[in-house]
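Student: prediction below, plus the sequence it came from.
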Amino acid sequence: MSTADSQGAKMGITAAERTVREDLAAAYRLVAHFGLDDGIYTHISARVPGTDGQFLINPFGMLFRDITASSLVKIDLEGRVIEPTDHDVNPAGFTIHSAVHAARHDAACVVHTHTVAGVAVSSLACGLQPCNQWALQFHDRVAYHDFEGIALDHAERERLVADLGPSLRALVLRNHGLVTLGRSVAEAFILMHNLERACRVQLAIQASGQAVHPVSPEVAELTARQYESGDTNRLPGHADPHAREWRSLLKRLEAPQATPHWRA
């Protein structure tokens with residue numbers, strides 16, 4: 001048994017939870033690696049396997065590049081801390097993530113970012129445009145929620161999940177940022193990575209002042225369905241269509257670092 005596994009066993013952490021913790025810590029570090037973080041703000045959460053309404057989230061105040069599997073904070077849908085910790089939780093993060101986890105039981109992971117590109121597109125009246133391949137992944141598959149101020153009012157949760165709906169996996173928070181939901185940490189992160197790049201391309205096109213080459217609604221829908229199937233990316237014999245890309249992304253974290261390994 002590894003040191004990490006031994007520590008987890010002492011804390012009563014199951015093997016399934018340990019895997020989710022490692023993936024979630026990796027997602028935080030990948031957000032930092034790709035420059036999608038916002039200081040100590042924004043957040044990623046993951047549902048604790050085998051529990052009813054418990055999820056893991058970052059310790060408020062820790063840089064994303066430093067987050068480890070064991071530093072994550074476990075809370076419930078009421079905001080109660082489940083295990084002893086020296087850290088607290090971002091109140092706005094709790095509002096957004098508790099809302100989604102309570103309403104969407106298919107959401108194993110929720111990613112929220114404030115990037116320049118994401119906030120810019122969220123602030124445009126036109127929203128996300130079907131102007132590039134990454135954006136077409138979200139064709140007719142993105143919801144919008146109007147800005148109500150910093151998300152501290154728990155009453156906003158009902159309106160947020162009503163806008164999100166029962167099945168969509170991408171949400172634009174108007175004048176605020178982006179949210180993606182995944183059936184795994186890998187899916188939620190990859191969706192966010194693609195949504196972010198779609199926003200960057202859109203802004204580059206708009207800055208050029210040139211007309212967009214149109215894509216027909218039929219091709220847009222075909223492209224979205226191709227992304228959803230995962231058939232172009234699936235590992236032979238592997239059910240998870242995100243496994244191949246997730247493995248390659250994790251390799252970006254293997255270089256020597258001054259901070260502890262994300263699995264620590």
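Tutor: Arrived safely.

Student: so which elements touch the helix or strand harbouring V31?
Tutor: Of the helices and strands defined by DSSP states H and E, V31 is found in helix 15-33. On a contact count with 3 or more C-beta pairs under 8 Å, 6 or more residues apart in numbering; DSSP states H and E, helix 15-33 meets helix 3-10, strand 43-47, strand 54-57, strand 109-113, helix 185-208, helix 243-250. Any C-beta I mention is one placed from the backbone N, CA and C, and that applies to glycine too.

Student: report the angle between it and strand 43-47.
Tutor: In terms of direction (axes from the mean of the first three to the mean of the last three C-alpha atoms, to 10 degrees), helix 15-33 departs from strand 43-47 by 160 degrees.

Student: what's the angle from helix 15-33 to helix 243-250?
Tutor: Interaxial angle, helix 15-33 versus helix 243-250 (the same axes, to 10 degrees): 60 degrees.

Student: what is the neighbour count of A162?
Tutor: Here the number of neighbours of A162 (other C-beta atoms under 10 Å) works out to 12.

Student: give the buried residues for the strand or helix carrying it.
Tutor: According to DSSP H and E, A162 maps onto helix 156-164. Across helix 156-164, burial judged by 16 or more other C-beta atoms under 10 Å covers 156-157, 160-161, 163-164.

Student: rewinding a little: which of the helices and strands packed on helix 15-33 sits closest to H97?
Tutor: Among those, the nearest to H97 by C-beta to C-beta is strand 43-47 (4.2 Å).

Student: just the helices and strands packed on helix 15-33: most buried one?
Tutor: Mean neighbour counts were compared across the helices and strands packed on helix 15-33 using mean count of other C-beta atoms under 10 Å; the top stretch is strand 109-113, at a mean of 28.

Student: tell me which other helices or strands it touches.
Tutor: On a contact count with 3+ C-beta pairs under 8 Å, 6+ apart, strand 109-113 meets helix 15-33, strand 43-47, helix 91-103, strand 177-182, helix 185-208.

Student: got any ranges where this protein has weak pLDDT?
Tutor: The chain contains residues with pLDDT under 70 at 1-11, 255-259, 262.

Student: is L171 located within a strand, as I assumed?
Tutor: Yes: L171 sits within a strand when classified using DSSP: H, G, I helix; E, B strand; the rest coil.

Student: quickly list what it is bridged to.
Tutor: According to DSSP bridges, the residues that bridge with L171 are A143, V179.

Student: tell me which of the helices and strands packed on helix 15-33 approaches I67 most closely.
Tutor: I67 sits nearest to strand 43-47 of all the helices and strands packed on helix 15-33, at 9.1 Å, using C-beta to C-beta.

Student: residues near V116, how many?
Tutor: Using other C-beta under 10 Å, V116 has 14 neighbouring residues.

Student: quick one: contacts for it?
Tutor: By C-beta atoms under 8 Å, 6 or more residues apart in numbering, the contact list for V116 is empty.

Student: for it, phi and psi?
Tutor: The phi/psi pair for V116 (degrees, to the nearest 10) reads phi -60, psi -50.

Student: how close does it get to K251?
Tutor: Using C-beta to C-beta, to the nearest Å, V116 is found at 27 Å from K251.

Student: report the contact partners of Q202.
Tutor: If you count contacts by C-beta under 8 Å, 6+ apart, Q202 has them with 121, 128-129, 131-132, 135.

Student: would JSON lines of these with secondary structure, distance to S71 and neighbour count be doable?
Tutor: Converted to JSON lines, the contacts of Q202 look like this (DSSP: H, G, I helix; E, B strand; the rest coil; distance: C-beta to C-beta, whole Å; neighbours: other C-beta atoms under 10 Å):
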{"residue": "V121", "secondary structure": "helix", "distance to S71": "32", "neighbour count": "25"}
{"residue": "L128", "secondary structure": "coil", "distance to S71": "33", "neighbour count": "22"}
{"residue": "Q129", "secondary structure": "coil", "distance to S71": "38", "neighbour count": "16"}
{"residue": "C131", "secondary structure": "coil", "distance to S71": "39", "neighbour count": "18"}
{"residue": "N132", "secondary structure": "coil", "distance to S71": "37", "neighbour count": "19"}
{"residue": "A135", "secondary structure": "helix", "distance to S71": "35", "neighbour count": "24"}
